[in-house]
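Novice: only geometry, no sequence info:
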């Protein structure tokens, strides 16, 4: 939408070629394959690399730590090294709030918060930041909090395979089934975990602003991207019920290993650095996501 020429490198394990816009080029490949990456970077002259590829399920990472290391750590290093070797000047990275681990207090988490990931997922996203810093002089890393919603055409939507709470709730509402939620005994007002949700459209805007920021020659920085508002998983459940006009029965299961009880982003630095402020509230995130899910499922 911002007039850039875009080439997508993806193994299509979670994405689809149908999501490409007119004029976008797709190269099917895997970031674990350095030769494929090198070939892709040599296919034309690129100015910016935006690295979004990752495995993202924290609970799954506990049982598949080697796979997460291979993709998120070694794969990220492959991306940075191939881009650097092919003289791509600017790099942007989708990191995660999982790098922080358990918050020290209920205060919003600043970028200076200690980095103590509680899952292999968080550790491997942090490793991607480390290799980025080692490889690149001109970069931005964005620590995503909980991303949700769908863009206006309904193309970009979290897959239910991600096991994120929103697509699982959409699936339950659409199929008129119940949902299993892990943990209702956390030290929070309703016993379920508290998260900070941000719309995928707001995330996309951050990348557009980030590219302009890097082109203007400013210094590399790591920024939080969140909504700056807390919501419990039980509240998300209630909002999906409202969006879908349906009751979704809940069964509670034991906590997921490595899950933290509370997460809230301090987003002042993103505002002051690249001029980014989230525009969408939680109900916009949920209703856009649910309606896109229904459209895709019909």
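Specialist: Ah, there it is. Predicted, not measured: the structure shown is a model, and the values here were computed from it.
Novice: Let me see the confidence value for the closest residue to residue 195 other than its chain neighbours.
Specialist: Using CB to CB, 6 or more residues apart in numbering and skipping residues adjacent in sequence, the residue nearest residue 195 is residue 146, 4.6 Å away. Where C-beta positions appear, they are placed from N, C-alpha and C, glycine not excepted. Looking at residue 146, its pLDDT stands at 94.
Novice: Show me the beta-bridge partners of residue 146.
Specialist: residue 197 (DSSP bridges).
Novice: do you know how far it is from residue 70?
Specialist: For residue 146, the distance to residue 70 equals 25 Å [CB to CB, to the nearest Å].
Novice: In contact with residue 244, which residues?
Specialist: The contact partners of residue 244, by CB atoms under 8 Å, 6 or more residues apart in numbering, come to 170, 173-174, 290.
Novice: can you redo these as a markdown table with pLDDT and distance to residue 183?
Specialist: Supplementary listing: the contacts of residue 244 in a markdown table, determined by pLDDT from 0 to 100; distance: CB to CB, whole Å:
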| residue | pLDDT | distance to residue 183 |
| --- | --- | --- |
| 170 | 95 | 20 |
| 173 | 96 | 21 |
| 174 | 95 | 24 |
| 290 | 94 | 23 |
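Novice: Most neighbours of all those residues, which one?
Specialist: Greatest neighbour count in those, by other CB atoms under 10 Å, goes to residue 170: 27 neighbours.
Novice: Can you tell me the closest non-neighbouring residue to that one?
Specialist: residue 293 (3.9 Å).
Novice: wouldn't that neighbour be in contact with residue 172 here?
Specialist: No - in this structure residue 293 lies outside contact range of residue 172 using CB atoms under 8 Å: 10.6 Å.
Novice: and the residue nearest to residue 195, what is it in contact with?
Specialist: Neighbouring residues of residue 146 by CB under 8 Å, 6+ apart: 97, 164, 195-198, 226, 263.
Novice: now these: which count as buried?
Specialist: Using 16 or more other CB atoms under 10 Å as the burial test, the contacts of residue 146 include 97, 164, 195-198, 226, 263 as buried.
Novice: which two in those residues are spaced the farthest apart?
Specialist: Farthest pair in those (CB to CB) is 164 and 226. Separation: 14.9 Å.
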